[in-house]
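Colleague: Predicted model follows, preceded by the sequence.
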Amino acid sequence: MKKFIFLIFSGLLLQACSDDKTNNATPPENISEPQQTSVSTPEASAKTWNGTSLSDATIKEVQEAKYTYTQCVYKEAQKQGYTKIDSRVATDAVIKQCEPDLAKIREVFINEGVPEIIANRYLKKTRVNMTRKILQSLMFAEAARKAGATQ
């Protein structure tokens, strides 16, 4: 019975895919025509930010600031006071303690001319990744304590 249902769904999927390719009502665009760009003035193109315009020194400075932030989070998470509270609350406290180190990365980006939205997106990604790692670590330590393992 499962094979029969699988065959029916496969046939319907193949039919749906073949209909999309054969019933193309709009003709393809002429590729040889030059494309119009949305930037019409040199001033507008100078205001746009290109991700590859960061210098090697700036990238190194961001990496050093991120390393400092990471070390702050790991050192803060090692403190014994966080073992007595819930791992989610402890993670939140650790991340809040190291927020000034994360702000240094934002300063580097803003000084280099990176738009705020891109800088904020990078900081959010960094913060979320670090939060996940620390939460996982603290949950593991909490589970080990409850299971009777000593630290």
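Modeller: Cool, the structure landed. Numbering: from 1, shown residues only.
Colleague: tell me what the one helix or strand D92 maps to is packed against?
Modeller: Per DSSP states H and E, D92 falls inside helix 87-97. For helix 87-97, the elements it packs on are helix 56-77, helix 116-147, judged by 3 or more CB pairs under 8 Å, 6 or more residues apart in numbering; DSSP states H and E. Quick note: C-beta positions are derived from backbone N, CA and C, even for glycine.
Colleague: Mind checking what helix or strand follows that helix in sequence?
Modeller: Downstream of helix 87-97 (by DSSP H and E), the next one is helix 99-112.
Colleague: Please work out which helix or strand belonging to this protein has the smallest mean pLDDT.
Modeller: helix 42-47 (a mean of 50; mean pLDDT, DSSP states H and E).
Colleague: Give me the angle between the helix holding D92 and helix 116-147.
Modeller: 140 degrees (axes from the mean of the first three to the mean of the last three CA atoms, to 10 degrees).
Colleague: Do me a favour and average the pLDDT over helix 87-97.
Modeller: Per-region confidence: helix 87-97 scores 92 on mean pLDDT.
Colleague: So for it, what gets flagged as buried?
Modeller: Neighbour-count burial for helix 87-97 flags S87, A90, T91, V94, I95 (criterion: 16 or more other CB atoms under 10 Å).
Colleague: and T131, how many residues sit next to it?
Modeller: Neighbour count of T131, defined by other CB atoms under 10 Å: 16.
Colleague: which residues of this protein score low on pLDDT?
Modeller: The chain contains residues with pLDDT under 70 at 2-7, 9-52, 149-151.
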